[in-house]
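Colleague: Give the three-dimensional model of this entry:
(3 chains)
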Amino acid sequence: MKEFLQKLTDDKVGLVGLIGIVLVVILALLAPLIAPYKPDQMFTNHTLEGPSSQFLFGTDEFGRDIFSRIIYGAQVSLQVGLIAVGIGAIGGLIFGLISGYFQGKADQIIMRIMDVFFAFPDILLALTIIAVLGPNLTNTMIAIGIVFMPVFTRLVRSAVMTVKENEYITNAQAIGVKPSLIIIRHITPNIMAPFIVQITLALSGAILTEAALSFLGLGVQPPDPSWGVMLNDARTYMEFAPWTILFPAGAIVITIFVLIYWVIV
Amino acid sequence: MYAYILRRLLMLIPVLFGVSVVIFFTLRIIPGDVAQTILGTDATEEALAQLRKDFGLDRPVLEQYITWMSGVLVGDFGESMRTGREVLPDILSRFKITFELTMLSAILSWIIAIPLGIIAGIKRNTKTDFTVRIISLLGVSIPNFALATVLILVLALTFSYSPPVGYVGFFEDPIKNLQILLLPSIVLGTAMAGAVMRMTRSSILEILRQDFIRTIRAKGAKERLVIFNHALRNAMIPILTIIGMQIGVLLGGTVIIEQIFSLPGLGQLVLTSINQRDFTVIQGAILFIAFVFVLVNLLVDLLYSYLDPRITYK
Amino acid sequence: MFNRKGLLVSVLLLFVLVLAACTNVGGNDDSDSQNEGTEGEEAKETDAEQVLKIANDQEPAGLDPHKTPAHSSVRIYSQVYSGLVSFDENMEVVPDLAKEWNQPNDTTYVFTLREGVQFHNGNEVTAEDVKYSFERILAEETASHIASYFSNVESIEVVGDYEVQFNLSNPDATFLSNLTNASAAIVDQEVIEENGDLQQVAVGTGPFKFEEWVADSRVNLVKNENYFIDGQPKLDEVIYYTMKEESARLSAIRTGEVDLTTLTAQSAELISNEENIEVKDYQSLEYSYVGFNVNAEPLDDPKVRQALSLATNRQAITDIVWSGDAVVSGPVAPSMGDWAIDVESHELYQHDIEKAKSLLEEAGYADGFDITITTASTYADMVDTAQLLQQQWKEIGVNAEINQIEWGEYIDTWSNTSADVLIGRNGSGTDPDRSLNYFFNTEGSANVWGFSDSEFDSLVEEGKVTVDQEQRKEIYNKAQERLLELSPNLFLVSPMKYVAVRDSVVNFTPYPHDGGRHC
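Modeller: A predicted model of the protein is given here:
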């Protein structure tokens, strides 16, 4: 873990990425202060206007300020990222730890269930879950989270199986330390590096999945602005109002860029 | 080895059983009525009831499941509620298209990604490396539907080009077929290439640091030989993992790209049948996709042991 | 333009009719006014095979005319099958398979068929086929969507080889116009017995023969050399391509990969100046609406519904959702000409916030209320309309949340009235009976709103059996006024439809029914 953080801060590019992430988070949290307008406020006399001093990134077909919508959209992306990846990562961590540490029956059952979810095509799984729960932002996030869970479970499980063979763990087991203690104290910290890498990848995956679901009409509920929804709506207008597609696309690309850049280094 | 393959194939059974249960019962929970979507607003109550009866939807759910499953076990996936066509032949003919699209995208992405990844790995922290990394990041960070629409628009406006309309199979008209599939393959390939590129780069880096490479180098082997004969082979394993995952996912239907490029593939079939609540088709298609996905994973595992004889399966 | 999912909105367009009112927006009045869409089109190159390539946004659902109301199917099977009668461009009933008919009394119709007409498989069309076709429509196990149109038919008798008699249970002013419906097609019993049903095959008597259907890709129709109208059709082949993506259709028409396609208002604007392409538009037969569950508070109070109508700015909906090309509509779409009342000046169509507020106050909702607007994600125009209404209603204190759902669930919500406020689009029919009786009669089969008003019911029931046109019109005017006053739905606007045509195609004029047939 320490090594991992060191690597992160040592690398200038990594640092840039980290700052980028922090910026997106600040943008999202302070959206009401930064955004000049409300995201659903319509200026019906100013539909599809190009960037100007009044509307920094131009307006959409309802005359809504694209700049404000992108800032509020960061909230959506942040939420989707945190909650969806949270569900996937925490679920995956718990199941993976149990599966990898105890093995045997529990492992068999958990892994077969994960296989079932894993074998479902992801967009279609999300589609089905949303169909069951009804389409809104929370359910979309739950759906994406469940889609992510098998990957996390597999990853944690295989990491646990490697760490478990270390001498200090077998020693601890031998002197009768409780399994829960071993898992929390000794195993979990040692599997963090690959786990965190997977979280960053999943964060960018969540943003893209949200965009894909928006294409299929299953993203956030209007008029909430999400980058995916903005991008999808803009396809109709992009030829004569290219700013409608340019800025949301830029927001997605830049965010994913800062999210995963340091992972690759 | 054969015992291993056999065991893996046996493991298919619980997974497919699980998938079939999940999809079957989920479909019966979600709101929506196939009879109403077919007959529309003009239908009388009697007509709706008649249609539901024709589909067996009036019977207990468990009985419906057993009827369906006993058909599936003997290769009879039933008929589409909407079109009356047999489900399995439809799935297979759709799968051919999705399969071709997947393979073309994959090949396109390898041609670009693996060499670039290797170069970036060897020339670590140079301008070349930096450029490759940026390209790879762009590839993975653009939502593919946006890339697809922009590409379609730009090509039509600047080169007055659009792909031929109406899908034709490869064996009917190979040139037209490839023309039709080129654009969608480029779009899908872009996203795949990004991931493959960064995986190639990092695993080459990893391998080049290892002792056995140093030893080989110390022995005075030519650098090119070191890379191609030793490093690459070992670096292939993680690359293969990611490729296997990508192919598995794409074979499950490239829903969005198929829709944008009007390709009659598996993804479109599933999406349409979900919208229409055409239960038999959804069930059959999901089961089939799960089957393919598990098979691809098995294939990847077998390839591992081919590439790295140290990995054996018992 | 509507997809196979668009049952709710397309039902009306099933009527094959040409509206006189539409020729002036067709932009190609010098065409020889063929009443059969495709037959009037021809490609310019005279020597080569004349193939018309059409891009559609939706895949046909099936080809059985008796079982498939989906618009995407109708436009194809209407070219393959014929009915007894059809409409001409003046909305007059004219011969099709029946060369003439008479009405010995109010409840009896006798049709005389053309002799020697063959199905595409060579079988001759006789009175038996007509009897068989309608009995199939009426049979319960067929589960036909148009059985309800002919519920008045008591029996069908074969009088001679080419003479068939329909006995009705009571007079029905809509009977003949119902017969023009493309779904009232004459089919061949032999084909059904061979194939089980007609979803995958199509053997009719129409201008084109069904050749091939590649699912989610294309349908090929070829010329029927033996079509009973001499010199028709002019085209050798028509291919319908399914291209769901608007940008793909736009690009294909620009590059000439297809000859004809439907477009949205936004795309139509983009290519209106391009060489080689002509964009034709026409007023559609449908309108967008806001449906209310009139049994649930607070929408059970007509005053609340009136207040919402006054708070609705229909001009803004026209400008933003339809790029300015739409006209305000009542329960009968304006393209139905004389049947529609003028709603533009109606008091409930004026955007009047003050009045709306005072109505709400009278109803006991001075502070407004919270409500959910349900809409289908499939159609951008419905989602956009919902977003505008949300903003507009805010001004009178009505806080709406939007619930955007997927199509299968939307249909379910519609039929079970499980939403308080539902955005939709209706085809208003070719006959006011359909737009009024069918959607709003207490017993109307599409009245899902729980709306019931005895005054309205007696009006539309009277209209159905009134044969004198002037009298009928008066009755339906009253019925429309009554409906607006009670506002079980808010009727919003009727949009334009757009067809882009390459200059290789001549003599193509879109009418609402053509929209039904091709686009």
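
Colleague: rest of the way, CA atoms for contacts and neighbours
Modeller: OK.

Colleague: Contacts for the one helix or strand C:Leu483 maps to next, please.
Modeller: Here C:Leu483 sits within helix C:469-486, counting by DSSP states H and E. Identification of contacts with helix C:469-486 by Cα atoms under 8 Å, 6 or more residues apart in numbering or on different chains yields C:302, C:305-306, C:330-332, C:338-341, C:348, C:432, C:436, C:456, C:459-460, C:462-463, C:466, C:490.

Colleague: Can you give me the buried ones in that helix?
Modeller: Within helix C:469-486, the residues scored as buried using 16 or more other Cα atoms under 10 Å in any protein chain shown are C:472-473, C:475-481, C:483-486.

Colleague: and the residue nearest to B:Ser202 when sequence neighbours are not counted, what is it in contact with?
Modeller: Excluding its sequence neighbours, the residue lying closest to B:Ser202 (Cα to Cα, 6 or more residues apart in numbering or on different chains) is B:Gly121, at 6.6 Å. Under the criterion of Cα under 8 Å, 6+ apart, the neighbours of B:Gly121 are B:Asp129, B:Thr200, B:Arg201, B:Ser202, B:Ile204, B:Leu205.

Colleague: can you check A:Gln54 too?
Modeller: Contacts of A:Gln54 (Cα under 8 Å, 6+ apart): none.

Colleague: pLDDT wise, what is it at?
Modeller: Listed pLDDT for A:Gln54 reads 94.

Colleague: for A:Arg64, what are its contacts?
Modeller: For A:Arg64, the contact set (Cα under 8 Å, 6+ apart) comprises A:Pro39, A:Asp40, A:Gln41, A:Met42, A:Phe43, A:Thr47.

Colleague: redo that, cut-off 7 Å
Modeller: Counting by Cα atoms under 7 Å, 6 or more residues apart in numbering or on different chains, A:Arg64 touches A:Pro39, A:Asp40, A:Gln41, A:Met42, A:Phe43.

Colleague: Now do residue 94: how many residues are near it, please.
Modeller: Defaulting to chain A. 15 (other Cα atoms under 10 Å in any protein chain shown).

Colleague: Actually, chain B is the one I wanted.
Modeller: B:Arg94 has 22 neighbours, counted by other Cα under 10 Å.

Colleague: buried residues in the host helix or strand of it?
Modeller: In this assignment (DSSP H and E), B:Arg94 forms part of helix B:87-122. Within helix B:87-122, the residues that qualify as buried are B:87-88, B:90-91, B:94-106, B:108-110, B:112-114, B:116-122, counting by 16+ other Cα under 10 Å.

Colleague: about what we covered before: Serialize the buried residues of helix C:469-486 to JSON lines and add fields for distance to C:Thr142.
Modeller: Putting those into JSON lines (distance: Cα to Cα, whole Å) gives the following:
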{"residue": "C:Arg472", "distance to C:Thr142": "33"}
{"residue": "C:Lys473", "distance to C:Thr142": "35"}
{"residue": "C:Ile475", "distance to C:Thr142": "35"}
{"residue": "C:Tyr476", "distance to C:Thr142": "33"}
{"residue": "C:Asn477", "distance to C:Thr142": "36"}
{"residue": "C:Lys478", "distance to C:Thr142": "37"}
{"residue": "C:Ala479", "distance to C:Thr142": "34"}
{"residue": "C:Gln480", "distance to C:Thr142": "34"}
{"residue": "C:Glu481", "distance to C:Thr142": "38"}
{"residue": "C:Leu483", "distance to C:Thr142": "34"}
{"residue": "C:Leu484", "distance to C:Thr142": "37"}
{"residue": "C:Glu485", "distance to C:Thr142": "39"}
{"residue": "C:Leu486", "distance to C:Thr142": "37"}
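
Colleague: Let's have these in CSV, adding pLDDT.
Modeller: Shown next, in CSV, are the buried residues of helix C:469-486 (pLDDT from 0 to 100):
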residue, pLDDT
C:Arg472, 92
C:Lys473, 93
C:Ile475, 95
C:Tyr476, 95
C:Asn477, 95
C:Lys478, 96
C:Ala479, 96
C:Gln480, 96
C:Glu481, 96
C:Leu483, 95
C:Leu484, 95
C:Glu485, 95
C:Leu486, 95
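
Colleague: closest to chain B among those residues?
Modeller: Chain B lies nearest to C:Leu483 out of the buried residues of helix C:469-486, by Cα to the nearest Cα, at 20.1 Å.

Colleague: for chain B, where's the lowest mean pLDDT among helices and strands?
Modeller: Within chain B, no helix or strand scores below helix B:223-225, which has a mean of 78 by mean pLDDT, DSSP states H and E.

Colleague: and that one, how far from the chain's centre?
Modeller: Taking Cα atoms, centre = their mean, to the nearest Å, the mean C-alpha location of helix B:223-225 is offset from the chain mean by 35 Å.

Colleague: Report all helices and strands that that helix contacts.
Modeller: Contacts defined by 3 or more Cα pairs under 7 Å, 6 or more residues apart in numbering or on different chains; DSSP states H and E place helix B:223-225 against no helix or strand at all.

Colleague: which is the next helix or strand following it?
Modeller: Elements were assigned by DSSP H and E; along the chain past helix B:223-225, the next helix or strand is helix B:232-251.
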